[in-house]
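Colleague: Need a 3D model of the following:
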Amino acid sequence: MKKYFYFLSFLLLITSCTEDIKFNNPAFQTLKDNVFWRGRSYHAERESNGVFGIQGSLGYETISFRIQNPNEDTYILGVNNTATATYKNTLSGQEAEFTTGEGRGSGQVTITEYNTVDKTISGTFKFKAVNVKTDAEKQEINFTEGVFYKIPVGLGANFTTE
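Modeller: Numbering: from 1, shown residues only. So this is what the prediction gives:
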């Protein structure tokens with residue numbers, strides 16, 4: 001009788017264990033000043049001026065990159081204005097804009113995959129951007145361990161997660 005009891009207990013234990021897996025596919029996330037930040041909407045597109053843009057947003061906050069081409073390569077930020085990163089917060093009372101550009105900020109954006117068949121782009125990033133207002137209290141913002149994965153490439157479309 002004890003054998004049946006142990007067997008039934010073991011069987012109950014095994015069948016009651018479940019594993020809920022949630023995939024981040026696609027994803028746009030980073031550490032903003034060492035605090036986890038995950039975009040809820042994102043898109044990538046060739047803009048009308050020929051520059052390729054990648055953007056992720058969370059409420060009033062937006063991170064965007066502008067590069068010449070979406071080729072698999074590393075683009076250095078803070079050297080010129082052909083590869084730039086921008087962070088904007090448009091929440092009333094907390095408005096701020098931080099950018100990289102020629103002689104401003106530093107960092108890199110690495111495109112690891114540009115899939116022209118599925119129309120997605122993936123890569124990593126890290127950057128330090130400078131506040132556009134020179135008299136602002138906070139002068140720099142840092143983003144580290146940034147990843148964008150399988151971001152849909154469209155013609156101005158904005159893709160939002162649940």
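Colleague: what distance separates stretch 46-60 from the centre of its chain?
Modeller: 12 Å (Cα atoms, centre = their mean, to the nearest Å).
Colleague: Around residue 35, count how many other residues there are.
Modeller: Per other Cβ atoms under 10 Å, the neighbour tally for residue 35 reads 7. Every C-beta, even on glycine, is put in place using the N, C-alpha and C of the backbone.
Colleague: For this structure, just list every one of the helices.
Modeller: 2-16 (DSSP state H).
Colleague: Helix or strand with the lowest mean pLDDT in the chain?
Modeller: Using mean pLDDT, DSSP states H and E, strand 159-160 stands out as the lowest-scoring helix or strand of the chain, at a mean of 43.
Colleague: can you count the residues close to residue 84?
Modeller: Residue 84: 24 neighbours (other Cβ under 10 Å).
Colleague: Contact partners for it?
Modeller: For residue 84, the contacting residues are 65, 66, 77, 99, 100, 101, by Cβ atoms under 8 Å, 6 or more residues apart in numbering.
Colleague: Assess the claim that the second one and residue 53 are in contact.
Modeller: Yes. With contacts counted by Cβ atoms under 8 Å, residue 66 reaches residue 53, the gap being 5.4 Å.
Colleague: So which of the two has more stuff around it?
Modeller: Using other Cβ under 10 Å as the criterion, residue 66 and residue 53 rank with residue 66 on top: 21 against 18.
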